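Engineer: fold the following.
(one chain, ligands or ions: 1)
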Amino acid sequence: MIIAVDGPVAAGKGTLARRIAKKYSLKYLDTGALYRAVGLKLLKSGQDPTDPVAAVAAARQVGDISPDDPALRDEKTGEAASIVAANEGVRAKLLQYQRDFAKRAGGAVLDGRDIGTVVCPDADVKLFVTASAEVRARRRFDELTGKGTATTYEAVLEDLRLRDARDSSRGAAPLKKALDAHLLDTSKLDIEAALDAACRIIDAAHKGP
Ligand code: CDP
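Structural biologist: Predicted structure coming up:
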């Protein structure tokens, strides 16, 4: 079984996708981490994420960044990721890896922006996870301040709106709900309630009509 989980910044995709993978014994891939690794590679070498040639070269060396590098989760890395993610050459470099991962025996859950639309258009179940911008900004603000990052709610909300706009308006694999994706609005749901709602959708889809 392949499950695609897409949605905007800080919608809770990662936590939800991890919990789904655990519950159904599937492998999990955080595809945002691949774009973050490309962005971080550029930042670390003092290069500009808007430079298309440097970005494609960094995508070739994505394995140089450790998946455990805490800088991957920094807001400036997320911003750089969103810039390189608009580059078609970068997306093409990362596509095959994601498709190969999805096809691994035993099934997989992938979360990102274009899993249901581009990476796995034939996924067995597609979820589009969202929440209001204010709720998402509050969650990201709590996450950042919990890690000791100095920021304000207003600054987080502004960054989030900017990244949403860039992710949705780009020409290459923009963030959008696949026609056959199930919309899951988590504005009023905690993680347990969101997981329950997701499992109901997955179980119903798995049993067939
Ligand atoms: O965790 P958060 O929602 O902040 O972002 P992420 O999932 O780690 O993704 C970081 C950036 O990578 C996003 O803003 C997207 O621009 C890009 N991305 C993408 O274009 N396609 C994907 N499948 C996953 C991420």
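Engineer: just give me the neighbour total for Q96.
Structural biologist: 10 (other CB atoms under 10 Å). Quick note: C-beta positions are derived from backbone N, CA and C, even for glycine.
Engineer: any idea where the strands of the chain begin and end?
Structural biologist: 2-6, 27-30, 108-112, 125-130, 182-185 (DSSP state E).
Engineer: parallel or antiparallel, which strands does the first one pair with?
Structural biologist: What it means is strand 2-6. strand 108-112 (parallel), strand 125-130 (parallel) (DSSP bridges).
Engineer: for D196, find the nearest of those.
Structural biologist: strand 125-130 (13.0 Å; CB to CB).
Engineer: and L183, what does it touch?
Structural biologist: 128, 130, 177 (CB atoms under 8 Å, 6 or more residues apart in numbering).
Engineer: can you give me the helices for the chain?
Structural biologist: Along the chain, the segments classed as helices by DSSP state H run 13-23, 31-44, 52-60, 75-84, 88-102, 133-146, 153-169, 191-207.
Engineer: pick the most buried one from those.
Structural biologist: helix 31-44 (a mean of 24; mean count of other CB atoms under 10 Å).
Engineer: which helices and strands does it pack with?
Structural biologist: helix 52-60, helix 75-84, helix 88-102, strand 108-112 (3 or more CB pairs under 8 Å, 6 or more residues apart in numbering; DSSP states H and E).
Engineer: so which of the ones you listed gets nearest G12?
Structural biologist: Across the helices and strands packed on helix 31-44, closest to G12 is strand 108-112 (CB to CB), at 10.0 Å.
Engineer: tell me what angle that closest one forms with helix 88-102.
Structural biologist: With axes from the mean of the first three to the mean of the last three CA atoms, to 10 degrees defining the directions, strand 108-112 sits at 160 degrees from helix 88-102.
Engineer: any residue of strand 108-112 up close to the ligand?
Structural biologist: Yes - using CB under 6 Å from any ligand atom, a contact is recorded between strand 108-112 and the ligand, made by G112.
Engineer: show me how far that strand is from its chain's centre.
Structural biologist: 8 Å (CA atoms, centre = their mean, to the nearest Å).
Engineer: what is the mean pLDDT for that strand?
Structural biologist: Averaging pLDDT along strand 108-112 yields 97.
Engineer: can you read off the backbone torsions of the residue nearest to M1 when sequence neighbours are not counted?
Structural biologist: Once flanking residues are discounted, M1 sits nearest to G107: 4.2 Å by CB to CB, 6 or more residues apart in numbering. Main-chain torsions, G107, degrees, to the nearest 10: phi 90, psi 170.
Engineer: same check on P8?
Structural biologist: phi -80, psi 180.
Engineer: flag every residue of the chain that's near the ligand.
Structural biologist: 9-10, 14, 31-32, 35-36, 78, 81-82, 85, 112-114, 163, 167.
Engineer: quick one: contacts for the spatially closest residue to R138 that is not a sequence neighbour?
Structural biologist: Closest residue in space to R138, ignoring its immediate chain neighbours: Y153 at 6.8 Å, by CB to CB, 6+ apart. By CB under 8 Å, 6+ apart, the contact set of Y153 is 137-138, 141.
Engineer: the residue nearest the centre of the chain bridge partners, please.
Structural biologist: Nearest to the mean C-alpha position of the chain, counting by CA atoms, centre = their mean, stands G112 at 2.9 Å. Assessed by DSSP bridges, G112 has beta-bridge partners D6.
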